[in-house]
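Trainee: from the sequence below, what's the structure:
(one chain, ligands or ions: 1)
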Amino acid sequence: MDHARSPYRRLTSTAEAVLNRNWTGDHMVPSRTLYPHQWSWDAAFIGIGLAHVAPERGWHDLASLFAAQWPDGRVPHIVFDPGVAEKDYFPGPAFWEVPPVRQDGRSVRTTGIVQPPVHALAALHLHRVSPAADRLRELYPALVAQQEYLLKHRDAGGLGLVSIVHPWESGLDNSPSWDAALARVPADPEVLARYERRDTSKAVASHRPTNADYARYIGLAESYRDAGYRDFDLAETHPFVVECPAFNALTAAAEAALAEIATVVGADPAPHLERAAAITEALVGHLYDRETGQFHTRDVRTGELSKARCVNGLVPLILAGLPGEVAESLVAVAESARFGLPVPSYDRTAADFDTLRYWRGPVWININWLLWRGLATHGYADRADRLRTAMLDLVERSGCFEYFQPDTGEGIGTPDFSWTAALVLDLLAETPPERE
Ligand code: 2M8
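Mentor: Okay, here's the model as predicted:
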């Protein structure tokens, strides 16, 4: 990256400084205040940016995350830093009750749920920007095991799609995409009487999920935990089981990235390509709605598609194998009055669109970064360029915030947020997208 000639010189150094402050020596934290541990899909987005400025840190971050992978292949959504006190994040290791795993000679604890598998994409990106075939070779079996866990243990609906069992697994925690399915999960106020939320003491409460949502999150995590984190008969036994279009698109994109990784490490790319095509077909066959022109979340327990038009329904644009007319429709919806570039996290015309509350309206850089790649992949170069400039202008003006008010561009949530900083560095480098 030629920093000196970039029109965003200040932004480059701001973003690098955020990543330097959030590096612990072993891994990156999303935020020193709000998220003091290591998060799964954050590590992937962070690796994509670190590729340009500190690739060794990017590889190290991924390696330390995968060192906490469970024997069944699941990559936990949080790896807890043993040096951080239990009181500094809720729900912490004492809540999840997962036995410690050995990681680089020390003992670490994790959660028992997952997040979208963006890691193969990140590893391929790191290798393309800063070739490291050995690193790729070391990580490949773990990336394959991650996919096998999702595709074998989490196909609760039997359609060849991955189900999530908790809104936190989506990464889009309080998206309206889950409202219909969550309405059947009791929001027991007693649950919160037993615990204390930490997030609302570190961020503005009206910018975070509501107490009713949190009560459901805790109740769901308790029931999955108390069933031993087993994935048997989920659709019959667990109260929340949904197929998210973004999670599944990222799972298909991971297979496409693994096919490329396989060719580098001397493995067979064919099974990965087959799986990428099969997931893409299942996505279009079961989660795409021709009337709304976008994808929707399916509730596995009822078989119904959520009516909410959320940004997770646009993310399948990242798939090169998407039929042309579906890609065209997603672009039209993204540019319509419902969204607009950069896309907010929810339909602007919905009665409950909320410009401040987390994943119910604000603009997030990781999702826009995925759409930027999707636009480029499908040949919408002008729109991709416009979106890139809009994201860079937004972050330059407001700072590396966690999310942004979609009308004013004001930065909200935690400042100094790692994936915003990292993805800005990637946007500045303008690496062409890999073939998903
Ligand atoms: C947010 O989620 C965590 C729970 O996992 C939280 O609210 O405490 C989400 O934005 C998620 O996507 C992200 O990975 C995490 C850390 O940045 O924060």
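
Trainee: any stretches of the stretch 51-200 of the chain with poor pLDDT?
Mentor: For the stretch 51-200 of the chain, the stretches with pLDDT under 70 are 103-104.

Trainee: enumerate the residues of it near the ligand.
Mentor: Proximity of the stretch 51-200 of the chain to the ligand, by Cβ under 6 Å from any ligand atom, involves residues H77, W168, G171, D173, D199. C-beta: built from backbone N, CA, C; applies to glycine.

Trainee: can you classify the closest residue to the first one other than its chain neighbours as helix, strand or coil?
Mentor: In space, not counting the residues next to it along the chain, H77 is nearest to Q115; the distance is 4.4 Å by Cβ to Cβ, 6 or more residues apart in numbering. Following DSSP: H, G, I helix; E, B strand; the rest coil, we place Q115 in the coil state.

Trainee: contacts only, for Q115.
Mentor: W39, S40, W41, V75, H77, W168, E169, S170, G171 (Cβ atoms under 8 Å, 6 or more residues apart in numbering).

Trainee: ok, P116 next?
Mentor: Counting by Cβ under 8 Å, 6+ apart, P116 makes contact with W41, E169, S170, G171, A246, F247, L250, T251.

Trainee: also F80?
Mentor: Contacts for F80 (Cβ under 8 Å, 6+ apart) come out as H37, Q38, Y89, G92, P93, V108, R109, T110, T111.

Trainee: please report how far it lies from the ligand.
Mentor: 12 Å (Cβ to the nearest ligand atom, to the nearest Å).

Trainee: ok, now Q146?
Mentor: Q146 is 16 Å from the ligand, by Cβ to the nearest ligand atom.

Trainee: mind checking the SS state of the residue lying closest to that residue once chain neighbours are set aside?
Mentor: In space, and not counting its chain neighbours, Q146 is closest to V75: 5.1 Å by Cβ to Cβ, 6+ apart. Following three-state DSSP, the label given to V75 is coil.

Trainee: V75 contacts L62, correct?
Mentor: No: if you go by Cβ atoms under 8 Å, V75 and L62 don't touch, sitting 10.0 Å apart.

Trainee: residues shared between the contacts of these two?
Mentor: With Cβ under 8 Å, 6+ apart, V75 and L62 have common neighbours H119.

Trainee: farthest-separated two in the contacts of F80?
Mentor: Largest separation among the contacts of F80 by Cβ to Cβ: Y89 and V108, giving 14.1 Å.

Trainee: measure the residue of the stretch 1-150 of the chain found nearest the ligand to P117 for me?
Mentor: Minimum separation of the stretch 1-150 of the chain from the ligand (Cβ to the nearest ligand atom) falls at P30, amounting to 3.6 Å. According to Cβ to Cβ, to the nearest Å, P30 and P117 sit 18 Å apart.

Trainee: cool, P269 as well?
Mentor: Separation of P269 from P117 (Cβ to Cβ) stands at 17 Å.

Trainee: what about those two, which has more around it?
Mentor: Per other Cβ atoms under 10 Å, whichever of P269 and P117 has more neighbours is P117, with 27 against 17.

Trainee: tally of neighbours for the closest residue to that one other than its chain neighbours?
Mentor: Computed as Cβ to Cβ, 6+ apart, the closest residue to P117 that is not its neighbour in sequence is A254, at 4.6 Å. Using other Cβ under 10 Å, A254 has 31 other residues around it.

Trainee: quick one: contacts for A254?
Mentor: Neighbouring residues of A254 by Cβ under 8 Å, 6+ apart: P117, V118, H119, A120, L121, L143, Q146, Q147.

Trainee: helix or strand for it, which one?
Mentor: Secondary-structure assignment from DSSP states H and E places A254 in helix 245-265.

Trainee: and the ligand, is that helix touching that?
Mentor: No: applying Cβ under 6 Å from any ligand atom, one finds that helix 245-265 is not in contact with the ligand, the shortest distance being 10.9 Å.

Trainee: and that helix, what's buried?
Mentor: Neighbour counts over helix 245-265 (16 or more other Cβ atoms under 10 Å) mark 245-262, 264-265 as buried.

Trainee: repeat that for stretch 340-352.
Mentor: L341, P342, V343, P344, S345, Y346, D347, R348, A350.

Trainee: how far is stretch 145-165 from where the chain is centred?
Mentor: Taking Cα atoms, centre = their mean, to the nearest Å, the mean C-alpha location of stretch 145-165 is offset from the chain mean by 16 Å.

Trainee: ugh, typo on my part, it should be stretch 32-51
Mentor: Centre-to-centre, stretch 32-51 and its host chain are 10 Å apart (Cα atoms, centre = their mean).

Trainee: measure that stretch end to end?
Mentor: End-to-end distance for stretch 32-51, by Cα to Cα, to the nearest Å: 21 Å.

Trainee: tell me where the stretch 51-200 of the chain has strands.
Mentor: Using DSSP state E, counting those that start in this stretch, the strands found in the stretch 51-200 of the chain span residues 78-80, 101-103, 106-110.

Trainee: again, but for the stretch 251-400 of the chain
Mentor: 288-289, 294-295, 298-299.

Trainee: so which of those strands comes closest to the ligand?
Mentor: Per Cβ to the nearest ligand atom, nearest to the ligand of these: strand 294-295, 18.6 Å.

Trainee: now that closest one: how far from the chain's centre is it?
Mentor: Taking Cα atoms, centre = their mean, one finds the center of strand 294-295 at 18 Å from the center of the full chain.

Trainee: quick one: contacts of it?
Mentor: If you take Cβ under 8 Å, 6+ apart as the criterion, strand 294-295 is touched by 245, 249, 283, 287-289, 309, 312-316, 329-330, 333.

Trainee: and the residues you listed, which of them are buried?
Mentor: When the contacts of strand 294-295 are checked for burial by 16+ other Cβ under 10 Å, the buried set is 245, 249, 283, 287-288, 309, 312-316, 329-330, 333.

Trainee: among the residues you listed, which lie within helices?
Mentor: P245, A249, L283, L287, S329, L330, V333 (DSSP state H).

Trainee: surely D352 touches R360?
Mentor: Yes: contact status for D352 versus R360: in contact at 7.2 Å, counting by Cβ under 8 Å.

Trainee: picking that back up, so how far is the helix holding A254 from its chain's centroid?
Mentor: 14 Å.

Trainee: only alpha carbons, please: show it as CSV.
Mentor: Extracted in CSV, the C-alpha atoms of helix 245-265 (Å, rounded to 0.1, in the frame of the first residue of the first chain):
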residue,chain,number,x,y,z
PRO,A,245,-28.8,-16.5,4.6
ALA,A,246,-25.6,-14.7,5.5
PHE,A,247,-24.2,-17.5,7.7
ASN,A,248,-25.0,-20.0,4.9
ALA,A,249,-23.5,-17.7,2.1
LEU,A,250,-20.3,-17.4,4.2
THR,A,251,-20.3,-21.2,4.6
ALA,A,252,-20.5,-21.6,0.8
ALA,A,253,-17.9,-18.9,0.3
ALA,A,254,-15.6,-20.8,2.7
GLU,A,255,-15.9,-23.9,0.6
ALA,A,256,-15.0,-21.9,-2.5
ALA,A,257,-12.0,-20.4,-0.7
LEU,A,258,-11.0,-23.9,0.6
ALA,A,259,-11.0,-25.1,-3.0
GLU,A,260,-8.3,-22.5,-3.8
ILE,A,261,-6.5,-23.3,-0.6
ALA,A,262,-6.6,-27.0,-1.5
THR,A,263,-4.8,-26.4,-4.8
VAL,A,264,-2.0,-24.5,-2.9
VAL,A,265,-1.6,-27.3,-0.3
